[in-house]
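*Asks:* Here is my input, please return the structure:
(chains A, B and C)
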Amino acid sequence: MICLKNHEFSPKATFECGQCFRWTADDKGYVGIAGGRACRIRDGRLECPEEDNAFWRSYFCLDMDYSAMKAFLLEQDPTLEPCLDYGQGLRILRQDLWETVISFILSANNNIPRIKKMIEGLCKKFGEPIAFEDKILYSFPSTQCIAGLKCSDLAALKLGYRDRYVMDAAVFMASHADSIAWQQLSAEEARQTLMQIKGVGRKVADCILLFALGCYDVFPQDVWIRRIMGQVYQTPERSTQEFAQQKYGYYRGFAQQYLFYYYRNHAGKIQG
DNA sequence: GGCCAGGACCGTG
DNA sequence: CACGGTCATGGC
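*Replies:* Reported below is the predicted structural model:
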């Protein structure tokens, strides 16, 4: 059990801001599974086996100082204030690299409800069952498991044209991931490495860098961010990266996520 | 039936 | 380098 009340943490903002796909809300809070471990978030507490405490502390980056990060961003751009307020408690997670690679490969030209369905299907079919409370959850399948499949084994999951990308990613990660010191690479080096995987372009790579590798100095640019930066800041699409770097500085990944969450969920201003 | 979904790929100009 | 067509699938 971990007490979350002394941390800036909103389950809703954190789990529903588009960075993760395996947390589900019920009448008692949220249930999630990551790294082969399940837990429940309820009433400001994280309920889990004692031996999993360190894992979840790392997953939620509970050592990070959010007040310092937000003060930094507000000084960079005071107009971020409504976004930071609306996204109060939104934490950027440190998710598993392999799971994040697959999740965001599946995100391409897709919508969030169906991304979740695809991932759940993948886990139910190829993951390991884990008993939690009164139900059975399924872990995210290993790289070796998926790498050992044929593309046709994924047909029932209806991944569309993305099935071959999943297979390419599995083969790549199974053969290279363990020998790469990801944390030692620069963001650009890690990006170029990830983009060797078919189905991983600039945007998907940047999401992986931000949501799995803790590269807070990347600014994933999707259709929403394109609209937002164009309409709010009148930034030409070509120069958005340079603009974000200059405007927000190191924590531009957080700026991106708060902007995304605010303008995507908070009615008005941006027409989708 | 057309359009859109946290895009990427591939072929042309 | 920039542009546009195409790619499965499902919901509206």
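*Asks:* mind listing the helices for chain A?
*Replies:* Taking DSSP state H, the helices of chain A run over residues A:11-15, A:53-59, A:66-76, A:81-86, A:97-106, A:112-126, A:143-147, A:163-176, A:187-194, A:202-211, A:223-233, A:240-248, A:252-265.
*Asks:* and stretch A:187-199, which residues are buried?
*Replies:* A:187, A:190-191, A:193-195, A:197, A:199 (16 or more other C-beta atoms under 10 Å). (Each C-beta comes from the backbone N, C-alpha and C, glycine too.)
*Asks:* Also stretch A:20-39?
*Replies:* A:20-23, A:29-34, A:37-39.
*Asks:* Show me what the helix or strand of chain A with the lowest mean pLDDT is packed against.
*Replies:* Every helix and strand in chain A was compared by mean pLDDT, DSSP states H and E; the lowest is helix A:223-233, with a mean of 93. Helices and strands in packing contact with helix A:223-233 are listed as helix A:240-248, helix A:252-265; criterion 3 or more C-beta pairs under 8 Å, 6 or more residues apart in numbering; DSSP states H and E.
*Asks:* count of neighbours near the nearest residue to residue A:236 once chain neighbours are set aside?
*Replies:* Nearest residue to residue A:236 in three dimensions, chain neighbours excluded: residue A:230, at 7.8 Å (C-beta to C-beta, 6 or more residues apart in numbering). When neighbours are defined as other C-beta atoms under 10 Å, residue A:230 has 14 of them.
*Asks:* gap between residue A:230 and residue A:135?
*Replies:* Residue A:230 sits 44 Å away from residue A:135, taking C-beta to C-beta, to the nearest Å as the criterion.
*Asks:* Can you name the residues that contact the closest residue to residue A:142 other than its chain neighbours?
*Replies:* Of all residues not flanking residue A:142 in the chain, residue A:98 sits nearest, at 7.9 Å (C-beta to C-beta, 6+ apart). Neighbouring residues of residue A:98 by C-beta atoms under 8 Å, 6 or more residues apart in numbering: A:140, A:142-143, A:173, A:177.
*Asks:* would JSON lines of these with pLDDT be doable?
*Replies:* Below are these laid out as JSON lines (pLDDT from 0 to 100):
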{"residue": "A:140", "pLDDT": "98"}
{"residue": "A:142", "pLDDT": "98"}
{"residue": "A:143", "pLDDT": "98"}
{"residue": "A:173", "pLDDT": "98"}
{"residue": "A:177", "pLDDT": "87"}
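*Asks:* Most neighbours among those, which one is it?
*Replies:* residue A:140 (25 neighbours).
*Asks:* So it sits against residue A:123, correct?
*Replies:* Yes. In this structure, residue A:140 is within contact of residue A:123 by C-beta atoms under 8 Å, at 5.6 Å.
*Asks:* Give the residues shared as contacts by the two.
*Replies:* By C-beta under 8 Å, 6+ apart, the residues touching both residue A:140 and residue A:123 are residue A:22.
*Asks:* Excluding sequence neighbours, find me the nearest residue to the residue in the stretch 151-272 of chain A positioned nearest to DNA strand B.
*Replies:* Nearest to DNA strand B in the stretch 151-272 of chain A, going by C-beta to the nearest atom of the strand, is residue A:201, at a distance of 2.6 Å. Excluding its sequence neighbours, the residue lying closest to residue A:201 (C-beta to C-beta, 6+ apart) is residue A:195, at 6.7 Å.
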